[in-house]
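Asker: Requesting a structural model of the entry that follows:
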Amino acid sequence: MDLDPRSAPQRVRSYLAQYDLAQRWRHLELSSATVPLAAKALGVEEARIAKSLALQLPERLIVIVCAGDVKIANPLFKGFFQAKAQFLTPAQTQERLGFAVGGVCPFALPEGVATYLDRSLERWPSVFTAGGDSQSIAQFTPSELAQTVSNFAGWIEVTRPLSP
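Answerer: Got it, this is the predicted structure:
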């Protein structure tokens, strides 16, 4: 698999085409590199932006997709994975996933990278994921995500709200 971040949007579109969902991908004129920027560009609540977090476990790499208004709750994460959450650096993310930070998504990931969906996504009829770079997005229902993400490993609950 070509892991060059410059080819990531095309990789994502090709991946989605396997599911007859390439039309869900779209390019934006504005940046969608962060949750606030994506929400502003789309005119939606930040919570509807599905952020993909790349983490290293002792023996494997995972991606957790969660709502834009939550963060990893270390006790929940450690209870589920039996390890502390270790985020990849931007350089590691680019090298190991083929996406630059701001464009990481749960599609077209390398084999062996398990993708988990956090239950924080389930409260929305649809959410928006990155589409491979900082100016592309794709919209899916939570159940569609479970059917199309790369290497789906299951639904988990390892987050808490960003603010009380």
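
Asker: C-alpha only now, for contacts and for neighbours.
Answerer: Noted.

Asker: and the longest helix anywhere in the chain, how far out from the chain's middle?
Answerer: With DSSP state H applied, the helix covering the greatest number of residues in the chain is identified as helix 8-17. Taking Cα atoms, centre = their mean, to the nearest Å, one finds the center of helix 8-17 at 14 Å from the center of the full chain.

Asker: Can you tell me what sits against it?
Answerer: For helix 8-17, the surrounding residues in contact (Cα atoms under 8 Å, 6 or more residues apart in numbering) are 22, 25, 98-99, 107-108, 131-133, 136, 148.

Asker: mind redoing it with 7 Å?
Answerer: Applying Cα atoms under 7 Å, 6 or more residues apart in numbering, the contact partners of helix 8-17 are 22, 25, 98-99, 107-108, 131-133.

Asker: Out of the residues you listed, give me the two with the largest separation.
Answerer: Greatest spacing in the contacts of helix 8-17, by Cα to Cα: Ala22 and Gly98 (19.1 Å).

Asker: Comparing the two, which residue is more hemmed in?
Answerer: For Ala22 versus Gly98, the count of surrounding residues by other Cα atoms under 10 Å is larger for Gly98: 25 against 15.

Asker: Just the helices from this protein, written as ranges.
Answerer: All helices of the chain, identified by DSSP H, fall at 8-17, 35-42, 74-81, 90-97, 142-148.

Asker: quick one: average confidence on the longest one?
Answerer: Same thing as helix 8-17. Helix 8-17 comes out with an average pLDDT of 95.

Asker: now the angle from that helix to helix 90-97?
Answerer: 40 degrees (axes from the mean of the first three to the mean of the last three Cα atoms, to 10 degrees).

Asker: Helix 8-17: which residues count as buried?
Answerer: Residues of helix 8-17 classed as buried under the neighbour-count rule (16 or more other Cα atoms under 10 Å) are 8-16.

Asker: before we move on, back to that, generate the PyMOL command that creates a selection of the buried members of the contacts of helix 8-17.
Answerer: One line in PyMOL is enough to select the buried ones among the contacts of helix 8-17; burial here means 16+ other Cα under 10 Å:
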select buried, resi 25+98+99+107+108+131+132+133
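
Asker: is it possible to export the contacts of helix 8-17 to a markdown table including pLDDT?
Answerer: Supplementary listing: those in a markdown table, determined by pLDDT from 0 to 100:
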| residue | pLDDT |
| --- | --- |
| Ala22 | 93 |
| Trp25 | 95 |
| Gly98 | 93 |
| Phe99 | 95 |
| Phe107 | 96 |
| Ala108 | 95 |
| Gly131 | 95 |
| Gly132 | 94 |
| Asp133 | 95 |
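
Asker: Fine, thanks again, bye for now.
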